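Engineer: Quick check, what structure comes out for this input:
(one chain, ligands or ions: 1)
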Amino acid sequence: MLTKADYEKLCDEIWEHNRLYFQEGRPRISDDAFDALVRKLQAIEAEHPEWISPTSPTQRIGEKPLAGFAEVRHTTAMLSLEKAFSREELIAFENRIKKLLVNKTIEYSAEVKIDGLAVAVTYENGHYVQAVTRGDGVLGSDVTQNVKTCRRLPLRLTHGSLPHHLEVRGEVYLPKKAFAAMNEERKQAGEPLWANPRNAAAGSLKLLDPKEVAKRSELSIAFYGAVFSRDVPKLTQSQMLAFLKELGLPILPYVAHCSSIDEVMAFADSIEKKRHDIPFGIDGVVVKIDNLKDFEELGATHKHPRGAIAYKFSAEQAETKVLDITVQVGRTGVLTPVAELEPVFLAGSTISRATLHNFEEVSRKDIRIGDTVCIEKGGDVIPKVVSVDLEKRPSAASPFSPPQSCPACGSPVVSDPQEVALRCSSEGCPQKRARRLIYFAGKDGLDIEHLGEKVMLQLIDNGYVTQPADIFSLTQEQLATLDGFKDKAITNLLQSIEKAKKTTLSKLLMALGIRYVGSQVASSVAKIAKTIDKLSKMTVEDFETIEGVGIKVATSIVSYFASLEHLAEVQALQERGVVIEEAESAAIVPDHPLCNKTVVLTGTLSSMTRHEAIERITACGGHVSESVSKKTDFVVAGDSPGSKLDKAQKLGVRVLTEEEFNAICKFS
Ligand code: IVH
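Structural biologist: Have a look, this model is predicted:
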């Protein structure tokens, strides 16, 4: 008779083989023998479902799709790291540390900085119980089921001096190979490609169906530390990594123990040189004080631990040829030169185009068709042309001259004296219209999922969409005629279009792409006007009474709604079922800390977009201003804040971290 104890023994046996395979790289049995053990386990589980443990080797995938991700408060904040871009900045870091740790020998642990997503993973008595994303550092999302699909992640720990409770922190990432395969599949399916492995990993972690996560991705995980508890000895960082490794956890590869900043630099240089051969994306080296007691003693500022710094590599560069220079027409008619490049692999993706920004830049850098150029891409920034290799210039290459007429519709080009830009003068230009439609459905507009540039261009080419409202009457039959659109893609798109029908006035205002109307203006205007009907009847004087709206913006909005065509477009949207929620003013709490306060945003916020931050401030009764002055009440500082933060400090304006801002917004 088979007992539960036999079942558990088999589970442990499989986990042990798993550990030998992934952790030690020396499997004791063949893949076939391993599969046979798993099949045996599956057979037992089919017979005794009551025995199945959530950490059985068969349970990586299997839970039902989630309704959403629960919010979890981190036990200790997940901070970010200060950045250094040069040797000098690393030395400055060392000097700061030396002042704080007087008379102590300082040693470092230098580690690769994996470009993925931070997660906190908890084990209770060796059983995997939870994984939480970093979120805003204080609150993260519960991604337990999805992280479970990472094959290198043990769901049971059986070795080493196992603590009862263990919280480890690390990075979930997508290896380069898996990223390339995933994008190839998306290309075949006509889905938009992920820009880089980090976005792809983030996209996979946010899928609600763990089965999809497992199918579509090969997520991997590596740990770089643990939250201290009574059971976790406070050692050095190098010993900590060894401790985690002994427990059977996947730790970061490429780590060095260094006794000086010079040694750290040598390690960083060696990693940077072999960066292309490392199977996952990295964006630098993390330098940590090795002695964890000292590390803890140094403490943290509101954002970063003092005892660690991220030394970022310079942007990756590649050499390629300019095959052509084409000119794109934007939604406002601005003409942008684009370099069409010989495809080249750079920082995780294949690049075949780079924006040249404007014609002044083309002439300043003297970029010509046929030139060999150096292109650069940092993080997920759009690639740019850095320089031209004049020695490789073909003798026939001649300077590029800007077009006299619009390449899309042939209308004359006008130059805007206030900007460097050249514009197409025609209102009816088909490319301008197409760009407006792409913008309407895009991130800054209604943000309709699955309706990216490629799909929209096809819809326009087929004549299905000529104005925004047409999006809302697309049919299954029409979508079925698009390239690569099969059942699932059709359902997905129709569902997200349906979802987008419910929108807010400020979102719609943004989506219409009215000149000078950014998220801040859209938000304040929506708050006052409340309905699109009232808004379209407001005068320049009415608008000018709104905080942050000047004559230029007011005139632009009024002239937009003076056009019968625009009014008809908005009406058509409503006729096709778009519901514009009334901007809520009732929600404003009169004694809210942000009520009637002027707030300035600087840096990148990790838990929300800029537009969302502005909407929150406006909903609390505050207003957002672009620049810091004595009248500013708060400056919210996100990641990599700019000079606004310095100015706020100089003027003594209260600076809020993202966490504090989040907490204040929740106050009511
Ligand atoms: S230590 C206080 N070590 O970089 C944060 N972080 O900007 C301590 N990261 O969110 C983090 N590789 O997700 C550390 N070897 C490494 C890392 C690493 C990648 C990420 C981490 C964190 C971000 C910090």
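
Engineer: interface residues of the stretch 351-500 of the chain facing the ligand?
Structural biologist: By C-beta under 6 Å from any ligand atom, no residue of the stretch 351-500 of the chain approaches the ligand. Every C-beta, even on glycine, is put in place using the N, C-alpha and C of the backbone.

Engineer: Quick one: end-to-end length of stretch 456-472, please.
Structural biologist: 13 Å (C-alpha to C-alpha, to the nearest Å).

Engineer: Now that stretch: average pLDDT?
Structural biologist: Stretch 456-472 comes out with an average pLDDT of 96.

Engineer: Now Met265: closest residue in space, sequence neighbours ignored.
Structural biologist: Spatial nearest neighbour of Met265, excluding adjacent residues (C-beta to C-beta, 6 or more residues apart in numbering): Arg87 at 5.7 Å.

Engineer: which intervals of the stretch 401-550 of the chain have sub-threshold pLDDT?
Structural biologist: For the stretch 401-550 of the chain, no stretch is flagged by pLDDT under 70.

Engineer: so how far is the lengthiest helix in the chain from its chain's centroid?
Structural biologist: Longest helix in the chain by number of residues (criterion: DSSP state H): helix 4-22. Helix 4-22 has its C-alpha centroid displaced from the chain centroid by 37 Å (C-alpha atoms, centre = their mean, to the nearest Å).

Engineer: Next secondary structure element downstream of it?
Structural biologist: Scanning forward in sequence from helix 4-22 by DSSP states H and E, the next helix or strand is helix 31-47.

Engineer: Any chance you could list what contacts that following helix?
Structural biologist: 2, 7, 10-11, 13-14, 17, 21, 27, 29, 51-52, 56-58 (C-beta atoms under 8 Å, 6 or more residues apart in numbering).

Engineer: Nearest to the ligand, out of those: which one, please.
Structural biologist: Taking C-beta to the nearest ligand atom as the measure, the ligand sits nearest to Tyr21 out of those, at 23.9 Å.

Engineer: burial of Ala526, as a residue count?
Structural biologist: Residues contacting Ala526 under the criterion other C-beta atoms under 10 Å number 27.

Engineer: ah, wrong one, I meant Leu509
Structural biologist: Using other C-beta under 10 Å, Leu509 has 27 neighbouring residues.

Engineer: helices or strands up against the host helix or strand of it?
Structural biologist: Using DSSP H and E, the element containing Leu509 is helix 505-511. The criterion is 3 or more C-beta pairs under 8 Å, 6 or more residues apart in numbering; DSSP states H and E, and the helices and strands that helix 505-511 contacts are helix 430-441, helix 519-529, helix 532-537, strand 579-581, helix 610-619.

Engineer: starting at the chain centroid, how far to stretch 424-443?
Structural biologist: Computed by C-alpha atoms, centre = their mean, the chain-centroid distance of stretch 424-443 equals 26 Å.

Engineer: what about the residue nearest to Met265, distance to Ser559?
Structural biologist: Using C-beta to C-beta, to the nearest Å, Arg87 is found at 54 Å from Ser559.

Engineer: again with Glu272
Structural biologist: Noted for Glu272: a distance of 53 Å to Ser559, by C-beta to C-beta.

Engineer: between the two, which one's more packed in?
Structural biologist: Between Glu272 and Ser559, counted using other C-beta under 10 Å, the more crowded position is Glu272 (16 against 13).

Engineer: quick one: the more buried one is in a helix?
Structural biologist: Yes. Assessed with DSSP: H, G, I helix; E, B strand; the rest coil, Glu272 lies in a helix.

Engineer: Contact partners for it?
Structural biologist: Applying C-beta under 8 Å, 6+ apart to Glu272 gives the contacts Phe313.

Engineer: Find the closest residue to the ligand in the stretch 101-250 of the chain.
Structural biologist: For the stretch 101-250 of the chain, the residue closest to the ligand is Ala118, as judged by C-beta to the nearest ligand atom, at 3.0 Å.
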